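Student: Just the structure for this:
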Amino acid sequence: MDTPNHKGPQPKPGLTQIKPYKPGDATVEGVTDAVKLSANENPLGTSPLAREAYVRAAAHMHLYPEGSALRVREAIAEKFGLEVDRILCGQGSDELLHLFGGAYLQPGDEVLQGAYGFVSYPLVALKNRAVPVLAPERDFTIDVDAMLERVSDRTRLVFVANPNNPTGTMLPWSEIARLHAGLREDILLVLDAAYAEYVDDPDYRPGLELARTAPNVVMTRTFSKIHGLAAVRLGWAYGPKEVIEAAGRVRGPFNVSIPAQAAGIAALADDDFPARSRAHNTKWRAWLTEEIEKLGLKVTPSAGNFVMLHFASEEQRRAGDAFLRQRGLILRPLDPHALMQQMRLSVGLEEDNRRVIAALQDFLT
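Tutor: Down below sits the predicted model:
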């Protein structure tokens, strides 16, 4: 593929540089009761209202969905006090990232991100024959000065996940504002707020204000995490009308299914389930952090629904991963980020969290 010796159709130049996204593992060979703590899924499941709406929508599987997801956008607009025509829906926020890349990137452009940003960001660049540029981070947190130093004449997109996946770190609003102030107006700043609902820091803002007032800022959100709708694929973006319209032009028709739209609308009407999910996460994220540190492993302070733990060496991390898998506990190695001593642990149910700590204790002792 992509070589002179291949006589069939030739793919785009550089396509073989793209390493397809690898989801978190869900099974372990020979283990029947494995617990998946590798994908930051909601351990409490899904809103009962959303589940019921999804089932009812099955009666309409023979119909095409309304193409623009208008009813979902109207529900989002009402929930957050936004303008309907400045909202775009997609198959999770991940599709939206690719839509912005498709609308604004040309070959040779640069896409800037932190060194440990979400793994989809380089894919957005490479898919459009653009160049991913990674800025060094400080304590696994985006360094605004390092980001601004790497802005060039070719920079077109800047991705910031806040809180960041996989590190869990977040930037205070003052730093987001400072980053934006240092960017040219022709550079699109994408604030990826997939984990916004889990943040309890009073100095945090997901980016709605900036996306409303600046001509070059969009904010993306997802229903996959706090609402527990990862399987149906639903996300949304808010920003300047011109930017939303441009991304909408490269959106495929009917990209959000009828069941996804129905579930999303119902999820927004359910205040109880997100509140319970947030409370569960806050309690057990703190507990996991404390218990892991008692075992002598470092944990990066997290604002998401997961924690990143640090082993003493790559060898210890690989051995720890194998040991945990034998116990039926699947965490997420972070090799794609060149974090060879680290693993990401999703906050699970109480029983799962306690199993992880017991297994880590056995491994370390």
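Student: can you list contacts of stretch 304-322?
Tutor: 40, 42, 140, 163-168, 195, 198, 225, 281, 285, 288-289, 292, 297-300, 302, 331, 333-334, 339-347, 360, 363 (CB atoms under 8 Å, 6 or more residues apart in numbering). In short, each C-beta sits where N, CA and C put it, glycine included.
Student: Quick check: next helix or strand after the host helix or strand of residue 283?
Tutor: Element membership for residue 283, per DSSP states H and E: helix 272-294. Of the helices and strands lying after helix 272-294 in sequence (DSSP H and E), the nearest is strand 298-300.
Student: now the helix or strand just after that following strand against helix 272-294, angle please.
Tutor: From strand 298-300 onward toward the C-terminus, using DSSP H and E, the following helix or strand is strand 306-310. Orientation check (axes from the mean of the first three to the mean of the last three CA atoms, to 10 degrees): strand 306-310 against helix 272-294 gives 10 degrees.
Student: Kindly point out the strands partnered with strand 306-310 and how each is oriented relative to it.
Tutor: Counting by DSSP bridges, the strands paired with strand 306-310 are strand 298-300 (antiparallel), strand 339-346 (antiparallel).
Student: now, of those strands, which is deepest in the fold?
Tutor: Mean neighbour count, computed with mean count of other CB atoms under 10 Å, is highest for strand 339-346 among those, reaching a mean of 22.
Student: following that strand, which helix or strand comes up?
Tutor: Assigned by DSSP H and E, the successor of strand 339-346 is helix 350-364.
Student: Excluding its own residues, what touches that next one? List them.
Tutor: By CB under 8 Å, 6+ apart, the list of residues contacting helix 350-364 reads 35, 37, 43, 284, 287-288, 291-292, 295-297, 319-320, 323-324, 327-329, 331, 345, 347-348.
Student: one step back: quick one: the strands paired with strand 306-310 as JSON lines, columns for mean pLDDT and distance to residue 50 too.
Tutor: Listed next are those as JSON lines, based on pLDDT from 0 to 100; distance: least, CB to CB, whole Å:
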{"stretch": "strand 298-300", "mean pLDDT": "98", "distance to residue 50": "32"}
{"stretch": "strand 339-346", "mean pLDDT": "98", "distance to residue 50": "20"}
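Student: For residue 61, give me its contacts.
Tutor: 258, 259.
Student: just the helices in the chain please.
Tutor: Ranges of helices in the chain, per DSSP state H, are 48-57, 70-80, 92-104, 120-127, 144-149, 173-181, 208-213, 241-249, 258-268, 272-294, 314-326, 350-364.
Student: Can you lay out those helices as a markdown table showing mean neighbour count and mean pLDDT?
Tutor: As requested, the helices of the chain are arranged in a markdown table below (neighbours: other CB atoms under 10 Å; pLDDT from 0 to 100):
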| stretch | mean neighbour count | mean pLDDT |
| --- | --- | --- |
| helix 48-57 | 18 | 97 |
| helix 70-80 | 17 | 98 |
| helix 92-104 | 23 | 97 |
| helix 120-127 | 22 | 96 |
| helix 144-149 | 17 | 98 |
| helix 173-181 | 17 | 97 |
| helix 208-213 | 17 | 97 |
| helix 241-249 | 16 | 98 |
| helix 258-268 | 24 | 98 |
| helix 272-294 | 17 | 98 |
| helix 314-326 | 16 | 97 |
| helix 350-364 | 16 | 98 |
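Student: give the contact list for the closest residue to residue 125 other than its chain neighbours.
Tutor: Among residues not flanking residue 125 along the chain, residue 111 sits closest, at 3.8 Å (CB to CB, 6 or more residues apart in numbering). Contacts for residue 111 (CB under 8 Å, 6+ apart) come out as 101, 105, 121-122, 124-125, 130-133, 155-159.
Student: again, but for residue 186
Tutor: Contacts of residue 186 by CB under 8 Å, 6+ apart are 156, 216.
Student: next one: residue 197
Tutor: Counting by CB under 8 Å, 6+ apart, residue 197 makes contact with 225, 226, 274, 277, 278.
Student: let's see 7 Å
Tutor: Residues near residue 197 by CB atoms under 7 Å, 6 or more residues apart in numbering: 226, 274, 278.
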